[in-house]
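Enquirer: no sequence for this one, just the structure:
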């Protein structure tokens, strides 16, 4: 008579299996949100460049003319308020010009990320995000690679993203340790770190969404659906203000 021994899974093995499933789910969620926030950031930056080119440059010109008007008035009147207004107008004009010059010196606007680029970035974030590691050396390596990945994503460099992923996958830090207990602790800490990072991302998204630039971006997109270009309309309005300011300068000259 043969006796079959029943094999029971150890409680720690069952718990580890559950935590691994939980970690896989939250890693996937984290990768999605990382992709979303970096895409959102890229889109807002692209919109900012367009705004500065179409509207911001005109405001800088208007600020310069208004500063000239204020300074001419200050030359004619020895009034402290008039003098202060002239200084403030000049400071505002310098600030506007500096902002335009800084963006003009920046890299030219890039096209929006492709689906392939988004998918690859998501996989990179899922595998090497530093908040998914508790080991100091591994975390340091991940931080460097993730910074490179963000730069590559912003530049639309698919080949570089692939190299970054391959570099980490072949590194010693990617090899898991031994022992159920130790692995369980690592997985639990990874889950905690991933949840913390998710919270940080949501806070960043809320901050971006609440910014004046993002709100203007939404309004511009809504106007485009109705066949209007809100930035062009804003530019035309500033052009009228510029024309009026130039007329004032001309009158002051004569």
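Expert: It's in. Predicted, not measured: the structure shown is a model, and the values here were computed from it. Numbers count the residues shown, from 1 in each chain.

Enquirer: what's whichever strand or helix holds residue 213 packed up against?
Expert: Following DSSP states H and E, one finds residue 213 within helix 212-225. In terms of contacts (3 or more CB pairs under 8 Å, 6 or more residues apart in numbering; DSSP states H and E), helix 212-225 is packed against helix 11-51, helix 230-253. Backbone N, C-alpha and C define where each C-beta goes, glycine included.

Enquirer: other SSEs contacting the last one?
Expert: Contact analysis of helix 230-253 by 3+ CB pairs under 8 Å, 6+ apart lists helix 57-76, helix 212-225 as its packing neighbours.

Enquirer: buried sites along it?
Expert: By neighbour count, with 16 or more other CB atoms under 10 Å as the criterion, the buried positions of helix 230-253 are 230, 231, 234, 235, 238, 242, 245.

Enquirer: any idea which of these is least confident?
Expert: By pLDDT, residue 245 ranks lowest within those, coming in at 92.

Enquirer: who's in contact with the nearest residue to residue 116 once chain neighbours are set aside?
Expert: Ranked by CB to CB, 6 or more residues apart in numbering and with sequence neighbours excluded, the top spatial neighbour of residue 116 is residue 158, at 6.3 Å. Neighbouring residues of residue 158 by CB atoms under 8 Å, 6 or more residues apart in numbering: 116, 117, 120.

Enquirer: mind telling me what element the last one is part of?
Expert: Assigned by DSSP H and E, residue 120 belongs to helix 115-128.

Enquirer: what angle sits between that helix and helix 11-51?
Expert: Angle between the axes of helix 115-128 and helix 11-51 is 140 degrees (criterion: axes from the mean of the first three to the mean of the last three CA atoms, to 10 degrees).

Enquirer: quick revisit: quick one, grab the pLDDT at the residue nearest to residue 116.
Expert: 88.

Enquirer: got the contact list for the helix holding residue 120?
Expert: So helix 115-128 is contacted by 27-28, 30-32, 34-35, 38-39, 113, 142, 145-146, 149, 153, 156, 158, 161-162, 164-165, 168-169 (CB under 8 Å, 6+ apart).

Enquirer: repeat for stretch 135-150
Expert: For stretch 135-150, the external contacting residues (CB under 8 Å, 6+ apart) are 38, 121, 124-125, 128-130, 132-133, 160-161, 164, 167-168, 171, 173.

Enquirer: go through it and flag the buried ones.
Expert: 138, 139, 141, 142, 145, 146, 148, 149, 150.

Enquirer: identify the residues contacting residue 219.
Expert: Applying CB under 8 Å, 6+ apart to residue 219 gives the contacts residue 230.

Enquirer: ok, now how distant is it from residue 230?
Expert: In this view, residue 219 and residue 230 are 6 Å apart by CB to CB, to the nearest Å.

Enquirer: give the buried residues for the helix holding residue 120.
Expert: Buried residues in helix 115-128, counted by 16+ other CB under 10 Å: 117, 118, 120, 121, 122, 124, 125, 126, 127, 128.

Enquirer: tell me the mean pLDDT for the following helix or strand past that helix?
Expert: Past helix 115-128, further along toward the C-terminus, the next helix or strand under DSSP H and E is helix 136-155. Confidence for helix 136-155, expressed as mean pLDDT, is 85.

Enquirer: any idea how far helix 136-155 is from the chain center?
Expert: Here helix 136-155 is found 15 Å from its chain centre; the criterion is CA atoms, centre = their mean, to the nearest Å.

Enquirer: change the start of the numbering to 9 and stick with it
Expert: Sure thing, new numbering starts at 9, so read that last one as helix 144-163.

Enquirer: that one to helix 19-59, inter-axis angle?
Expert: 30 degrees.

Enquirer: got the angle between the helix or strand that helix 144-163 is followed by and helix 144-163?
Expert: Next helix or strand after helix 144-163 toward the C-terminus (DSSP H and E): helix 166-177. Following the same axes, to 10 degrees, one obtains 170 degrees for the angle between helix 166-177 and helix 144-163.
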